[in-house]
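**Q** Model the following, please.
(one chain, ligands or ions: 2)
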Amino acid sequence: MHTFISRNPTQTKKLAKKIRDLYPNHNLFLLSGDLGSGKTVFAKGIGEMMGINSRNIKSPTYTLVHEHKPVAKRTALPKLLHADFYRLTVKDDLLMESVNLWLSEKGIVIVEWPEIALSDFQKPHLHITIEETGENVRQIKIIERL
Ligand SMILES: Nc1ncnc2c1ncn2[C@@H]1O[C@H](COP(=O)(O)OP(=O)(O)OP(=O)(O)O)[C@@H](O)[C@H]1O
Ligand SMILES: [Mg+2]
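**A** Ligands and ions are numbered 1, 2, ... in the order given. Presented below is the predicted three-dimensional model:
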């Protein structure tokens, strides 16, 4: 388990890139944390590293998933599926199948609010918890599940 401290949103984005380097074999990121803790900021960091314009990465709370492709037809780069299960009240099998399909196609998947299906996600994955510990301060804890 790794724990990091971030003192501003830019540091959180940089940390996302660092975590990607620390765990290069992980393509599934589960992001837990209260409303406004910084899950989407973290997702923007992953997206930037993948060549995706992070302005397009917004919390997909109302649509459940957003698909992103790298700019400039850099097709060798993986695609990103950014999901948010906040509004799910029961586990959605179709959505879980989309996650698995995306991973089987070598894409990267980020899921905010994964709690409703936590034990059903395929392994390996990284479970990342972001906690607000002060104004602009976030503790970011990484659990690797193999
Ligand atoms: N160190 C920090 N890291 C990340 N975000 C921070 C930090 N300090 C302040 N913030 C602010 O906290 C907010 C985090 O918002 P964000 O949308 O990423 O939260 P979220 O966890 O995705 O929330 P939701 O559950 O509503 O989707 C932003 O307004 C950001 O500017
Ligand atoms: Mg969000």
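**Q** Pull the contacting residues for the residue most central in space within the chain.
**A** Compute the mean C-alpha point of the chain, and by C-alpha atoms, centre = their mean the closest residue is Ile110, 3.0 Å away. Shown in contact with Ile110 (C-beta atoms under 8 Å, 6 or more residues apart in numbering): Phe29, Leu31, Ala43, Ile46, Leu80, Leu81, His82, Ala83. (Glycine included, C-beta is placed from N, CA and C.)
**Q** My read is that the fourth one contacts Arg20, right?
**A** Yes. At 6.4 Å, Ile46 counts as touching Arg20 under the criterion of C-beta atoms under 8 Å.
**Q** more neighbours, those two?
**A** Ile46 (22 against 18; other C-beta atoms under 10 Å).
**Q** Number of residues surrounding the residue in the chain that ligand 1 sits nearest to?
**A** In the chain, the residue that lies nearest ligand 1 is Gly38 (2.9 Å; C-beta to the nearest ligand atom). Gly38 is flanked by 25 other residues according to other C-beta under 10 Å.
**Q** Ok, Ala83 next?
**A** 27.
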